[in-house]
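**Student:** what follows is a predicted protein model with its sequence.
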Amino acid sequence: MKKTKDSAYAYAYGVVSSMTGKLVDEKTYDELARFRSVEEVLAFMEGTDYEHEIKKVVGKTIRIKDVENALKSHFIRVYEEIVSSIPDTDRAEFNKVILEGFRSENLKVVIRGIHSGLGSEKIIETLETSMDSKLMAELAESKDLEEFTEKLEGTEYHYVTKEELEKYKETGDLLPLENAIDKHLVNSWSKISCIEIKEFTDIRTDMINIMTILRCKISDIPAKDYVIYGGTLKEHLKEIEKGDVKDVLSSLDKTSYGGVAREAMNEYEKTGSLVTLEGKMESDVMKYLKENAMLKPLGISSIMLFINAKRREVKNLNTIIVCKHYDIPAEEIKEILM
Amino acid sequence: MAFEEVLITFFSGNVLGAIGAAVAIALAGLSSAKGLEIAGNTAAGATGEKEENFSSALILQAMPQTQVIYAFIIGILIILGIMAGNMTIEKGFLSLFAGLAVGITGVSAVNQGKVASASIGAAAKNSSIKGKVLIFVVMPEIAALFGFVVAIMVLIAGSVF
């Protein structure tokens, strides 16, 4: 395990701080939501960091798809700029966490979309911005999950999904396939040597495990086949996976995820569902990054926090543009924004 | 040369004074360089991304430089004492202590560099706090300033220069 020197992230911290200063704030979101047309929103964006990409889509008949692609291109450009500013020694590991994370999320979105017969267009709309949108678009066009697995040939996900495809065919449950992707993701993190990145991946692993165990409990499937023995909860996983949903949440209460577990328990007792848990866990990860970035600004947490903020901004701008295209009132737009 | 002679030569006022000046400038210089490296990298990143950050980044980045200036002044005063030709062993020891005081407190430049770096970032995020973050960067300076004042007083009390 290696500890990164403070000076190593000083330049990247300067870059992301400047970029953070240029992020769209809440007040501007309010104004954008009140703009009358897509053209007005684009005219505003031409005066921001998005200028380079937006200039390519204005001046001709504006197509929403082009604007969406411009926003995605902007995110990719910013991401590449940030990655080029972090130390060479951590760059590969950083990419492994962020890009593999995006890829795994998108693969699961595509799998769910194909399974529920959503149609390629809808699937592509729900995908997160990533570097491999071409592959994802191709995958989204698969008529079933068998074709999806075949299209993955040549990638490292081919083997892992092919193995679990039979289980899916037998049960019709997506868990084996999604879990295979998660396992592959966590395994790809096993050789990470930077302490700060490792701490982050451990928390992500916990998040995957908690969600998987609860999903197994709700579907009444034994969790032990799907649990990934790693993360900060490694020692407690055997205890956590025992019993029913309530037992799992009670066991979690004794860990650092107590706050989230208590909220989830309240929700489960009232509604019998855990739909908001994933969002809460995501907020917990962000809280961890914020605290870390405050204690050690010259570290990887500040960078990860910014990437997340930029993704949120791109998503929100995309939402505003699509809503303006469909003449959705400002108040409704504000409610949809993240 | 007998051991006694070596000891007498080594502990001459001039040698002790020179060690004091060297320790002061070496410790503070190394620390200032490290502090400037950290703050300078952030300043470069912030300015590269947004040119308007240059002025505030420059002021904040320069702060860890002061430690080596204090050490330089103390070093010069000690050398002036040596050049005056009346550096007794007692004055030599006082010079050494003065050098240590300013050199060791000068290590604060490393931490000041980290604070400066974080402050450059904070000012880049929100330009309205440029003046406020300067106060945070000045705080670690106080240790170095105390070291400098004590070193000067030691040199004055011992009539070194």
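**Tutor:** Structure received.
**Student:** mind giving me the packing neighbours of whichever helix in chain B runs longest?
**Tutor:** Using DSSP state H to assign secondary structure, the helix with the most residues in chain B is helix B:13-49. Based on contacts counted as 3 or more Cβ pairs under 8 Å, 6 or more residues apart in numbering or on different chains; DSSP states H and E, the elements that helix B:13-49 packs against are helix A:10-21, helix B:54-62, helix B:66-84, helix B:89-105, helix B:108-125. For the C-beta atoms, the positions are set from N, CA and C on the backbone; glycine is no exception.
**Student:** what angle do the shortest one and helix B:13-49 make?
**Tutor:** Helix B:54-62 and helix B:13-49 meet at an angle of 150 degrees, taking axes from the mean of the first three to the mean of the last three Cα atoms, to 10 degrees as the criterion.
**Student:** same check on the longest one?
**Tutor:** For helix B:66-84 and helix B:13-49, the angle between their directions (the same axes, to 10 degrees) works out to 160 degrees.
**Student:** and the spatially closest residue to residue B:45 that is not a sequence neighbour, what does it touch?
**Tutor:** If the residues on either side of it in the chain are set aside, residue B:45 comes closest to residue A:14, at 2.5 Å by Cβ to Cβ, 6 or more residues apart in numbering or on different chains. By Cβ atoms under 8 Å, 6 or more residues apart in numbering or on different chains, the residues touching residue A:14 are B:41-49, B:57, B:117, B:120-121, B:124.
**Student:** which ones are touching the closest residue to residue B:27 other than its chain neighbours?
**Tutor:** With sequence-adjacent residues excluded and distances taken as Cβ to Cβ, 6+ apart, residue B:27 is closest to residue B:103, at 3.4 Å. Residues near residue B:103 by Cβ under 8 Å, 6+ apart: B:23, B:24, B:25, B:26, B:27, B:28, B:71.
**Student:** how about 7 Å then?
**Tutor:** B:23, B:24, B:26, B:27, B:28, B:71 (Cβ atoms under 7 Å, 6 or more residues apart in numbering or on different chains).
**Student:** my guess is the fourth one contacts residue B:107. True?
**Tutor:** Yes. Counting by Cβ atoms under 7 Å, residue B:107 is a contact partner of residue B:27 at 6.3 Å.
**Student:** quick revisit: gap between the residue nearest to residue B:27 and chain A?
**Tutor:** Summarising the geometry, the distance separating residue B:103 from chain A, computed by Cβ to the nearest Cβ, to the nearest Å, is 21 Å.
**Student:** distance of that residue from residue B:110?
**Tutor:** 13 Å (Cβ to Cβ, to the nearest Å).
**Student:** what's the helix or strand for the closest residue to chain B within the stretch 201-338 of chain A?
**Tutor:** Each residue of the stretch 201-338 of chain A has a distance to chain B, by Cβ to the nearest Cβ, and the smallest belongs to residue A:297, at 4.3 Å. Applying DSSP states H and E as the criterion places residue A:297 outside every helix and strand.
**Student:** the closest residue to it other than its chain neighbours: neighbour count?
**Tutor:** Spatial nearest neighbour of residue A:297, excluding adjacent residues (Cβ to Cβ, 6+ apart): residue B:118 at 4.3 Å. As a burial measure, the neighbour count of residue B:118 was computed by other Cβ atoms under 10 Å in any protein chain shown and equals 27.
**Student:** which secondary structure elements does the host helix or strand of residue A:28 sit against?
**Tutor:** Per DSSP H and E, residue A:28 falls inside helix A:26-34. In this structure, helix A:26-34 packs against helix A:300-325, helix A:330-336, with contacts taken as 3 or more Cβ pairs under 7 Å, 6 or more residues apart in numbering or on different chains; DSSP states H and E.
**Student:** what's the distance between the residue in chain A that chain B sits nearest to and residue A:303?
**Tutor:** Of all residues in chain A, residue A:14 sits closest to chain B, at 2.5 Å by Cβ to the nearest Cβ. Using Cβ to Cβ, one gets 11 Å for the distance from residue A:14 to residue A:303.
**Student:** residue A:275 too?
**Tutor:** Between residue A:275 and residue A:303 the computed distance is 31 Å (Cβ to Cβ).
**Student:** which of these two has more neighbours?
**Tutor:** A direct count of neighbours by other Cβ under 10 Å for residue A:275 and residue A:303 places residue A:303 higher, at 24 against 8.
**Student:** so who does the more buried one touch?
**Tutor:** If you count contacts by Cβ under 7 Å, 6+ apart, residue A:303 has them with A:12, A:16, A:82, A:86.
**Student:** what's the burial count for the second one?
**Tutor:** What that stands for is residue A:16. Other residues within reach of residue A:16, judged by other Cβ under 10 Å, total 32.
**Student:** and for the first one?
**Tutor:** Other residues near residue A:12 number 27, with proximity taken as other Cβ under 10 Å.
**Student:** tell me the contacts of it?
**Tutor:** The neighbours of residue A:12, taking Cβ under 7 Å, 6+ apart as the test, are A:82, A:85, A:86, A:303, B:45.
**Student:** just want the residue of chain B that's nearest chain A.
**Tutor:** Here chain B gets closest to chain A at one residue, residue B:45, 2.5 Å apart by Cβ to the nearest Cβ.
**Student:** isn't that residue up against residue A:15?
**Tutor:** Yes. In this structure, residue B:45 is within contact of residue A:15 by Cβ under 7 Å, at 4.1 Å.
**Student:** shared neighbours, these two?
**Tutor:** Between them, residue B:45 and residue A:15 have residue A:85 as joint contacts when contacts are counted by Cβ under 7 Å, 6+ apart.
**Student:** chain B against chain A: which residues are in contact?
**Tutor:** Taking Cβ under 7 Å from any Cβ of the partner chain, the part of chain B that reaches chain A is made up of B:37-38, B:41-46, B:48-50, B:53, B:114, B:117-118, B:120-121, B:124-127.
**Student:** one more time with 6 Å, if that's ok
**Tutor:** Taking Cβ under 6 Å from any Cβ of the partner chain as the test, the list of chain B residues beside chain A reads B:37-38, B:41-42, B:44-46, B:49-50, B:114, B:117-118, B:121, B:124-125.
**Student:** look up how far residue A:41 lies from residue A:58.
**Tutor:** Here the criterion is Cβ to Cβ. By it, residue A:58 lies 11 Å from residue A:41.
**Student:** host element of the nearest residue in space to residue A:302 that is not next to it in sequence?
**Tutor:** Nearest non-adjacent residue to residue A:302, counting by Cβ to Cβ, 6+ apart: residue A:293, 4.3 Å away. When elements are defined using DSSP H and E, residue A:293 is found to belong to helix A:277-295.
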